[in-house]
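Undergrad: just coords:
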């Protein structure tokens, strides 16, 4: 059994069926990409895992334990961290406060994330410590949401389109940080449209389109497969 | 103006502001986190005052007073926890209006329970000697208790500030109020936090009541006065914003004090005028921001939202005539009492159906319909008494004045939606109430006008007789309801529904959303005014009671009881409401309690209303029996 397993999940928004029999399995310590166009079902997959939009059928298994059906805060406390695509810093809280409210599970690891440690990872946040969430630039907001989720000491990090709308320089900075986070022993599931970004950080990839998984393989194979790229990823 | 006078006035303004802040800070905190406008907040204040009253009967002396002052708010917190965990928690995923109604049913229940336990009379709470005297400051006489209030309220504000800005839980509260879902995903237990915040808000209300009780008095129903004031404060300051509540309290406290000295007649109206002035410039209040829709996912709070399906059948035209035929035959079978009761039901139905053009069709919760009802009623009453009008021309002017009032008020209100809209209409309604209530020279003030001369209609029909009045009301209401029905199924009605479903998309499709909302508001105001005019013809008297905000709650209740997604629902609700009301009043003194319990049950169990429920049951049966359906119903139309 894998570390994190999605077994044939089907997810709906009200009456509309979004995910069709999606199955993913992720091993501990991997960085895995979930690649697909806008509206392919990447965010819904993440929302299904974290419990914000629970799957109606199928199950999510984490470390051998069924987590689907639990409420989001319980799933978070099991060690799954979610970074949503639209960033969503708490606008009325300072950078430091944004981090403080998320601090959790300090005893889950030997080297828990602290405010100081995430500042070391994102030095820019230290400089902006006293600024409000609403006063940050897009890149800074992205760093803050990742840092904030790290404060929950996740074992699996769900990163939803972190590169979206960021300048190329910031994107490569972000890639470096993801690799550093992986070194800390965090498993990362990355939803992306940016293939090059995925190639930099991940080894394996799933391609999702119209709510179902169309391809599974190594990043290398995917990059070589023009047919798949053409069919599911070309805009 | 001398210094002593000024000192006394300033201190009394600050004292008033202190009480207001304690109440409205809790209200705004609860709104910020739970997204619920707690109508019962005033009742929690009242409980605080009653609890200290009950406690000081046994605990005397300064130490006893201090203990009572601290214990009363904690008692209120216990009540609040029961309310939150037992009732509110079940309906967080429902639409806003059910949450509003649940807290409103609590107002009815708590107020009546207070009346049963403590009696209907005013109670004053004794203060220990040490704090009951007065001292002289700059030549002005100031009660020692005022100084105590002025010490304790800011202290409480500081505690509040410390908790929210310096503790982790406080930071979590602030985070949650801006993004619930994110907080959930970060491992914050929303259910526990909601209970905590609701209880803490209740402590603030209870403390306000316990502190204000000895300075003022307490009586059942004081909550409904207090809640309106604090609504005004939080609307001015910006819903959910604590600084707003602070500034709003100081503004209102000052204005009330100045008002009493300078314009004693229109002190109440001044407050609402200030609110209007502020909202014209800043629709979301001084510190407020437009509310983003804070979506709650199904499993956020561990439950699924109940889906309320719109009614899909529309009656065959002939079937629709059956109730009309029955109504025509009533006087042959029923005595004057039932004719009178039915006339009341007809008038209430018109109010409720007109109201549902806003709520069910457009998705606007107006809490100020009593204003238009009153304007229509006073139009007929004043024209008949002061200008000698006959009923018909007077009644024709009732919808006109209703429409004009709705046009003016609507101009400000349609820029808002949701709870903001509800509160602004509520406040405007109270502005009209405040003016009518105090304008003795014109409206008769709080006495109203009795014995309005109602002359016969052309052809010598004397509608002073119950039966003639019944037929007259049936004709007027029948025609009006038919117009409203056609309006609802016209393209105009379809556009309103699109605004209800998604006003942003309607805007993208080129619909002038504000204009349509305004038009619906004016139309509803006109028919409500007409209903008010009919009321005057029936009762031959008018009083400001019919404009009070609690009267505005009636069409809301009727519509919810009957069902908002069917055209006839509100009329059924009106019938249930009027019959219940008149029998309950005859049967028990505590009709408000029974009504509150019924409403509570409805909100928790039948969110689709009576008609929605029947429909749900009938649908299964009807689809099985094709012939019944074919005979009873023409085409099916989505509501």
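TA: That came through, no problem. This one's a predicted model, so the numbers in the text were calculated from it and none came from an experiment.

Undergrad: Might one say that residue B:424 is in contact with residue B:235?
TA: Yes: between residue B:424 and residue B:235 a contact is recorded at 6.8 Å, counting by Cβ atoms under 8 Å. Glycine gets a C-beta too; all of them are placed from N, C-alpha and C.

Undergrad: Let's verify the residue in chain B that chain A sits nearest to: helix, strand, or coil?
TA: Residue of chain B nearest chain A, by Cβ to the nearest Cβ: residue B:187 (3.6 Å). For residue B:187, the secondary structure call by DSSP: H, G, I helix; E, B strand; the rest coil comes out as coil.

Undergrad: contacting residues around it?
TA: When the contact criterion is Cβ atoms under 8 Å, 6 or more residues apart in numbering or on different chains, the partners of residue B:187 are A:73, A:76, A:77, A:102, A:104, A:105, A:152.

Undergrad: Spatially nearest residue to it (excluding sequence neighbours)?
TA: Across the structure, with Cβ to Cβ, 6 or more residues apart in numbering or on different chains as the measure, the residue nearest residue B:187 apart from its sequence neighbours is residue A:76 (3.6 Å).

Undergrad: name the element that neighbour belongs to?
TA: Using DSSP states H and E, residue A:76 maps to helix A:72-78.

Undergrad: what residues does the helix or strand following that helix touch?
TA: Moving toward the C-terminus from helix A:72-78, the first helix or strand encountered (DSSP H and E) is strand A:80-83. Contacts made with strand A:80-83 from outside it, assessed by Cβ under 8 Å, 6+ apart, are listed as A:4, A:46, A:49-50, A:52, A:62, A:67, A:76, A:145-146, A:149-150, A:152, A:154-160, A:162, B:185.

Undergrad: now, which of those residues lie within strands?
TA: The members of the contacts of strand A:80-83 that map onto strands under DSSP state E are A:4, A:62, A:156, A:157, A:158, A:159, A:160.

Undergrad: Out of those, which is nearest to residue B:58?
TA: Comparing the ones in strands among the contacts of strand A:80-83 against residue B:58 with Cβ to Cβ picks out residue A:62 as the nearest, at 56.5 Å.

Undergrad: Count the residues that sit near the closest one.
TA: Neighbour count for residue A:62, taken as other Cβ atoms under 10 Å in any protein chain shown: 22.

Undergrad: what does residue A:197 give?
TA: The local packing of residue A:197 (other Cβ under 10 Å) involves 24 other residues.

Undergrad: Quick check: closest non-adjacent residue to it.
TA: With sequence-adjacent residues excluded and distances taken as Cβ to Cβ, 6+ apart, residue A:197 is closest to residue A:163, at 4.8 Å.

Undergrad: Please apply the same query to residue B:464.
TA: Closest residue to residue B:464 in three dimensions, ignoring its sequence neighbours and counting by Cβ to Cβ, 6+ apart: residue B:454, at 5.4 Å.

Undergrad: The one you found - that's part of a strand, no?
TA: No: the secondary structure assignment for residue B:454 gives coil rather than a strand, going by three-state DSSP.

Undergrad: quick one: low-confidence parts of chain A?
TA: Counting by pLDDT under 70, chain A contains low-confidence residues at A:235.

Undergrad: Point out the residues in it that sit beside chain B.
TA: Among all residues of chain A, those adjacent to chain B (criterion: Cβ under 8 Å from any Cβ of the partner chain) are A:47, A:50-54, A:69, A:71-73, A:76-77, A:82, A:84, A:88, A:90-93, A:97-98, A:100-105, A:148-149, A:152.

Undergrad: what residues are up against the residue in chain A that chain B sits nearest to?
TA: Nearest to chain B in chain A, going by Cβ to the nearest Cβ, is residue A:76, at a distance of 3.6 Å. Contact analysis of residue A:76 by Cβ under 8 Å, 6+ apart lists A:50, A:82, A:104, A:152, A:154, B:184, B:185, B:186, B:187.

Undergrad: Could you give the number of residues near the second one?
TA: A total of 27 residues lie near residue A:82 under the criterion other Cβ under 10 Å.

Undergrad: Need the nearest residue in space to it, chain neighbours excluded.
TA: The shortest distance from residue A:82 to any residue other than its chain neighbours is 4.2 Å, reached at residue A:50 (Cβ to Cβ, 6+ apart).

Undergrad: Hmm, residue B:369 is touching residue B:432, no?
TA: No: the pair residue B:369 and residue B:432 does not pass the contact test of Cβ under 8 Å, sitting 11.0 Å apart.

Undergrad: Tell me which of the two has more neighbours.
TA: Between residue B:369 and residue B:432, counted using other Cβ under 10 Å, residue B:369 has the larger neighbour count: 31 against 22.

Undergrad: pLDDT score for that one?
TA: Predicted confidence (pLDDT) for residue B:369: 96.

Undergrad: Equivalent analysis for residue B:608, please.
TA: Among the per-residue scores, residue B:608 holds a pLDDT of 65.

Undergrad: Over to the one 3 residues further on?
TA: Model confidence at residue B:611, given as pLDDT, is 69.

Undergrad: now residue B:135
TA: Residue B:135 carries a pLDDT value of 88.

Undergrad: Let's test this: what are the backbone torsions at it?
TA: Here is the backbone geometry of residue B:135 (degrees, to the nearest 10): phi -130, psi 170.

Undergrad: which residues touch it?
TA: With Cβ under 8 Å, 6+ apart, residue B:135 has these contacts: B:141, B:142, B:144, B:147.

Undergrad: ok, now with 10 Å
TA: If you count contacts by Cβ atoms under 10 Å, 6 or more residues apart in numbering or on different chains, residue B:135 has them with B:141, B:142, B:143, B:144, B:146, B:147.

Undergrad: List only buried entries from the residues you listed.
TA: B:142, B:143, B:146, B:147 (16 or more other Cβ atoms under 10 Å in any protein chain shown).

Undergrad: Okay, buried residues for the longest helix along chain B please.
TA: As far as residue count goes, and with DSSP state H defining each element, the longest helix of chain B is helix B:3-34. Going by neighbour count (16+ other Cβ under 10 Å), the buried part of helix B:3-34 is B:7-9, B:11-34.

Undergrad: Next: stretch B:585-596.
TA: Neighbour-count burial for stretch B:585-596, counted by 16+ other Cβ under 10 Å, picks out B:590, B:591, B:592, B:593, B:594, B:595, B:596.

Undergrad: list the helices and strands the helix or strand encompassing the third one packs on?
TA: So that's residue B:592. With elements delineated by DSSP H and E, residue B:592 resides in helix B:591-605, which encompasses its position. Contacts of helix B:591-605 with other secondary structure elements, assessed using 3 or more Cβ pairs under 10 Å, 6 or more residues apart in numbering or on different chains; DSSP states H and E, are made with helix B:96-118, helix B:549-562, helix B:569-587, helix B:609-624.

Undergrad: quick one, that helix and helix B:569-587 angle?
TA: Between helix B:591-605 and helix B:569-587, the angle comes out at 140 degrees (axes from the mean of the first three to the mean of the last three Cα atoms, to 10 degrees).

Undergrad: quick one, domains of chain B?
TA: B:3-221, B:313-624 (automatic domain parsing).

Undergrad: Where among the ones you listed is average confidence lowest?
TA: Set side by side, those show their lowest mean pLDDT on domain B:313-624, which sits at a mean of 88.

Undergrad: Which stretches in chain A count as helices?
TA: Taking DSSP H as the criterion, chain A carries its helices at A:42-50, A:72-78, A:95-102, A:115-121, A:123-127, A:138-150, A:168-183, A:195-201, A:219-224, A:226-228.

Undergrad: Return the set of buried residues in the longest one.
TA: Under the neighbour-count criterion of 16+ other Cβ under 10 Å, helix A:168-183 has A:170, A:171, A:174, A:175, A:177, A:178, A:181, A:182 buried.

Undergrad: The closest residue in space to residue A:88 that isn't next to it in sequence sits in which helix or strand?
TA: Taking Cβ to Cβ, 6+ apart, and ignoring the residues beside it in sequence, residue A:88 has residue B:182 as its nearest neighbour in space, at 4.8 Å. When elements are defined using DSSP H and E, residue B:182 is found to belong to helix B:180-185.
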